[in-house]
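*Asks:* missing the sequence, but the structure's below:
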């Protein structure tokens with residue numbers, strides 16, 4: 001609806017991505033592109049809060065690079081703003097909080113409420129799993145064929161699914177629980193969202209060794225410091241047990 005409008009709340013000023021202009025621009029564009037009521041596209045049922053796009057198409061519309069578009073989608077997915085589903089025909093983006101903030105509350109919406117609720121609840125249920133295989137396929141290796149673009153420029157470019165290669169990545173909640181030193185969670189969360197999936201896979205391997213080598217929390221770095229220093233690339237020795245420490249102490253005393 002070209003002449004329509006959306007609700008925008010002042011709480012967006014406290015949004016964790018507010019200081020990133022490209023993130024704000026991209027998210028607002030998604031809110032504006034979302035269907036405001038259930039509809040159909042090429043035989044596909046679309047709920048309110050959903051729209052069809054592609055990585056290349058989104059980059060073109062926002063006047064950003066494909067790499068920037070990929071980063072935007074990954075960040076919004078990881079912080080729970082959207083979910084992404086790719087098939088061999090289209091890419092579907094769902095704004096997770098659409099129903100909570102954009103549902104019409106006037107009397108004119110009553111005639112379609114029953115249908116809307118069913119479709120929107122289904123969409124919200126899908127938002128519970130932010131690490132779906134399809135979303136990772138879209139972020140990591142999504143491509144568009146030139147043949148599809150030539151056949152019909154009005155249709156979104158087709159994006160075939162790619163095999164998942166990010167199953168070994170460590171999500172933030174698992175990192176936070178494993179690190180155990182609970183300091184500056186929000187700052188740490190923002191930093192973690194900017195880390196590549198390859199580095200997250202490396203963190204999953206390195207973090208248990210670091211924790212084992214620094215069992216006393218007072219000798220463990222703050223998590224943000226650990227991430228900023230890319231400490232998962234360092235090497236550590238497991239902490240020595242008490243008997244080993246005492247034995248070494250006796251040896252030194254006997255010198």
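*Replies:* Yep, that arrived. Note that the coordinates shown come from a computational prediction; the quantities given were computed from them, not determined experimentally. Numbers count the residues shown, from 1 in each chain.
*Asks:* drop to CA atoms for contacts and neighbour counts, all remaining ones
*Replies:* Fine.
*Asks:* For the stretch 151-255 of the chain, just list every one of the helices.
*Replies:* 172-179, 185-193, 197-213, 223-228, 242-253 (DSSP state H, counting those that start in this stretch).
*Asks:* Then the stretch 1-150 of the chain?
*Replies:* Counting by DSSP H, counting those that start in this stretch, the helices of the stretch 1-150 of the chain are 21-33, 55-62, 66-78, 98-102, 113-126, 133-141, 146-151.
*Asks:* least reliable of the helices of the stretch 151-255 of the chain going by mean pLDDT?
*Replies:* Lowest mean pLDDT of those: helix 242-253, a mean of 45.
*Asks:* what about residue 57, neighbour count?
*Replies:* 16 (other CA atoms under 10 Å).
*Asks:* same check, this time on residue 86
*Replies:* Neighbours of residue 86 (other CA under 10 Å): 25.
*Asks:* I'd say it and residue 92 touch.
*Replies:* Yes: with contact defined as CA atoms under 8 Å, residue 86 reaches residue 92; the gap is 6.3 Å.
*Asks:* Now do the shared contacts for these two.
*Replies:* Between them, residue 86 and residue 92 share no contacting residue under CA atoms under 8 Å, 6 or more residues apart in numbering.
*Asks:* Residue 226 - nearest residue in space that isn't next to it in sequence?
*Replies:* residue 232 (7.9 Å; CA to CA, 6 or more residues apart in numbering).
*Asks:* Revised request: answer the last question for residue 51.
*Replies:* residue 34 (5.1 Å).
*Asks:* need the contact list for the one you found.
*Replies:* 48-51, 95.
*Asks:* Can you check what pLDDT the model gives residue 168?
*Replies:* 55.
*Asks:* And residue 18, by the same measure?
*Replies:* pLDDT at residue 18 comes out at 91.
*Asks:* Tell me, how many residues neighbour it?
*Replies:* 13.
*Asks:* isn't it right next to residue 12, touching?
*Replies:* Yes: shown here, residue 18 and residue 12 form a contact pair, counting by CA under 8 Å, at 7.1 Å.
*Asks:* tally of neighbours for residue 81?
*Replies:* Neighbour tally, residue 81, other CA under 10 Å: 17.
*Asks:* Please tell me how far the spatially closest residue to it that is not a sequence neighbour sits from residue 27.
*Replies:* Excluding the flanking residues, the one nearest residue 81 by CA to CA, 6+ apart is residue 96, at 5.7 Å. Residue 96 sits at a distance of 12 Å from residue 27 (criterion: CA to CA, to the nearest Å).
*Asks:* and residue 76, which of the helices of the stretch 151-255 of the chain is closest to it?
*Replies:* helix 185-193 (9.0 Å; CA to CA).
*Asks:* which of the residues in the closest one are buried?
*Replies:* 188-190, 192-193 (16 or more other CA atoms under 10 Å).
*Asks:* and it, what does it pack onto?
*Replies:* Applying 3 or more CA pairs under 8 Å, 6 or more residues apart in numbering; DSSP states H and E, one finds that helix 185-193 contacts helix 172-179, helix 223-228.
*Asks:* Ramachandran angles for the residue nearest to residue 81?
*Replies:* phi -70, psi -40 (degrees, to the nearest 10).
*Asks:* Pull the number of nearby residues for residue 20.
*Replies:* The burial count for residue 20: 9, using other CA under 10 Å.
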